[in-house]
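Asker: Model the following, please.
(4 chains)
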Number of protein chains: 2
Amino acid sequence: MRPKNLEKEEAIRTIALQIISDEGLENLSMQKLAKAANVSPRTIYIKYESKEDFLIKLFIDEVLGSYEKGVLENFDENMDFSEGVKKIWMNTFRYLIHNRHSFALLQYGKSSPLLNKAFQKANIKQGQFFAPIHKFLKMHVATGSIRDFPSDVHRALLFSPLLDLVNEYFDYLERPEQIITEKMISECCETVIKGILKD
Amino acid sequence: MRPKNLEKEEAIRTIALQIISDEGLENLSMQKLAKAANVSPRTIYIKYESKEDFLIKLFIDEVLGSYEKGVLENFDENMDFSEGVKKIWMNTFRYLIHNRHSFALLQYGKSSPLLNKAFQKANIKQGQFFAPIHKFLKMHVATGSIRDFPSDVHRALLFSPLLDLVNEYFDYLERPEQIITEKMISECCETVIKGILKD
DNA sequence: AAAGTAAGTAAATGTTTATTTACTTACTTT
DNA sequence: AAAGTAAGTAAATAAACATTTACTTACTTT
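Answerer: Predicted structure coming up:
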């Protein structure tokens, strides 16, 4: 049997993220993707059943998977609250500014019904994404250092400003002044922590 | 001259938002839209130059415009900081849960390059969106009640958790337990304010 | 080294796409 | 009430779409 050419699979994924990031999910077509990846359309259908199947697997298995890894690097669910949150913030910031094309697809996860439903399903089926963060939050609720909000609410309060700041980082990249720096991210993280910590 | 049928224009916009919300921006086609709005495709092109022109005008002029109005209702830029932020939070929450289809397109504004660029352009050209909020923040930086962050950073810290919570409100709508209530929103708002206020 | 096989290609499939053409309708102006 | 006109329609256009067909390639197994 002729063996798979893994470089081609990789190219398909990489180029797809590039097109989504530059032109938008709504402008990604299988033929455009095949041409740009220097591959026959048929080659994409060896691994993926359909366009939807491809997008879901790209999102869940590839992008979300390695995003999670980047976010949780050197994070331990038994960390001190401020230390743990800061670790996640800096990990996330560094990962995303070096993976702009992945970030673009992650953002579509909030708007596209296809990707959004796929995420919910995967979250139930294969165990929660970012499970260590959930355990970490539960532990700190139990010890009384933070208020007892549902964990989705904690996630919104603690991490959604960060994703907005990453967006702004990319917006500012095309302008002379640079505003969103690691230092700014760190200060914002402290601001968020201050709001959530019990006195 | 035969006069325009304003109900048809309205139907086109309403149905477009519905399709985007239910099936995604990537599944909105002009023919599908025309059929669903009970209109000839040509009718859409009387008012709009192209599909892109339609989407941009729907996003900027219709959706963002009335969203801004909803958010700023009874808001005054000279309000006390906590009072002003809370007014905006509750206005936003109430507006968005009653305008789910608009919320869907607003979310695409963060992911779709077409809409994102249109927003940046409009923000420069026709004066900043949410200008009263910017003035409000500037004033409270000047009086020393909050730290001197750039206003985009303040926006991220103060309001992005709220949009995530609205998303969760819709997710939980399809489940038995209701978690995101006005009371929860109000408590989250206080948490965010606590982090940002100087001691 | 020949046979077997999945990977891979190029070209074709039928459908859907955005947009236009050719025409009709319904109202305003005279 | 007749003429003029933009709004509106239904059907057509050419391009692009997702996916498949028919075929070739390159490797493994024997």
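
Asker: Spell out which residues of chain A are next to DNA strand C.
Answerer: Near DNA strand C, the residues belonging to chain A are A:1-5, A:8-9, A:38-43, A:46 when assessed by C-beta under 7 Å from any atom of the strand. Every residue, glycine included, has its C-beta placed from N, CA and C.

Asker: from the residues you listed, which is closest to residue A:154?
Answerer: residue A:9 (37.1 Å; C-beta to C-beta).

Asker: what's downstream of whichever strand or helix holds that closest one, the next helix or strand?
Answerer: Per DSSP states H and E, residue A:9 falls inside helix A:6-23. Downstream of helix A:6-23, the next assigned helix or strand under DSSP H and E is helix A:30-36.

Asker: Report all helices and strands that that next one contacts.
Answerer: helix A:6-23, helix A:41-47 (3 or more C-beta pairs under 8 Å, 6 or more residues apart in numbering or on different chains; DSSP states H and E).

Asker: ok, is the longest one in contact with chain B or not?
Answerer: Yes. For helix A:6-23, a contact with chain B is found by C-beta under 8 Å from any C-beta of the partner chain, at A:21, A:22, A:23.

Asker: okay, now residue A:120: neighbour count?
Answerer: 12 (other C-beta atoms under 10 Å in any protein chain shown).

Asker: Likewise for residue A:1?
Answerer: The burial count for residue A:1: 3, using other C-beta under 10 Å.

Asker: what do you get for residue A:87?
Answerer: 19.

Asker: surely it meets residue A:81?
Answerer: No. Using C-beta atoms under 8 Å, residue A:87 is not in contact with residue A:81; the gap is 10.9 Å.

Asker: Let me know whether whichever helix in chain A runs longest sits next to chain B.
Answerer: The longest helix of chain A (DSSP state H) is helix A:151-173. Yes. Using C-beta under 8 Å from any C-beta, helix A:151-173 reaches chain B at A:152-153, A:155-157, A:160-161, A:163-165, A:167-168, A:171.

Asker: and residue A:59, what is it in contact with?
Answerer: A:105, A:108, A:109, A:115, A:118, A:119 (C-beta atoms under 8 Å, 6 or more residues apart in numbering or on different chains).

Asker: Could you count how many residues lie near the closest residue to the last one other than its chain neighbours?
Answerer: Looking back up the chat, that one is residue A:119. Residue nearest to residue A:119 in three dimensions, not counting chain neighbours: residue A:109, with 5.7 Å by C-beta to C-beta, 6 or more residues apart in numbering or on different chains. Counted by other C-beta under 10 Å, the residues lying close to residue A:109 total 17.

Asker: mind checking how far residue A:109 is from residue B:166?
Answerer: Distance, residue A:109 to residue B:166, by C-beta to C-beta, to the nearest Å: 16 Å.

Asker: what does residue A:177 give?
Answerer: For residue A:177 relative to residue B:166 (C-beta to C-beta), the value is 31 Å.

Asker: Kindly report the same for residue A:172.
Answerer: 26 Å.

Asker: neighbour-wise, which of these two wins?
Answerer: residue B:166 (22 against 16).

Asker: who's in contact with that one?
Answerer: Going by C-beta under 8 Å, 6+ apart, residue B:166 touches B:92, B:93, B:96, B:97, B:103, B:180.

Asker: now those in TSV, with secondary structure and pLDDT?
Answerer: Shown next, in TSV, are the contacts of residue B:166 (DSSP: H, G, I helix; E, B strand; the rest coil; pLDDT from 0 to 100):
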residue	secondary structure	pLDDT
B:92	helix	98
B:93	helix	98
B:96	helix	98
B:97	helix	98
B:103	helix	98
B:180	coil	97
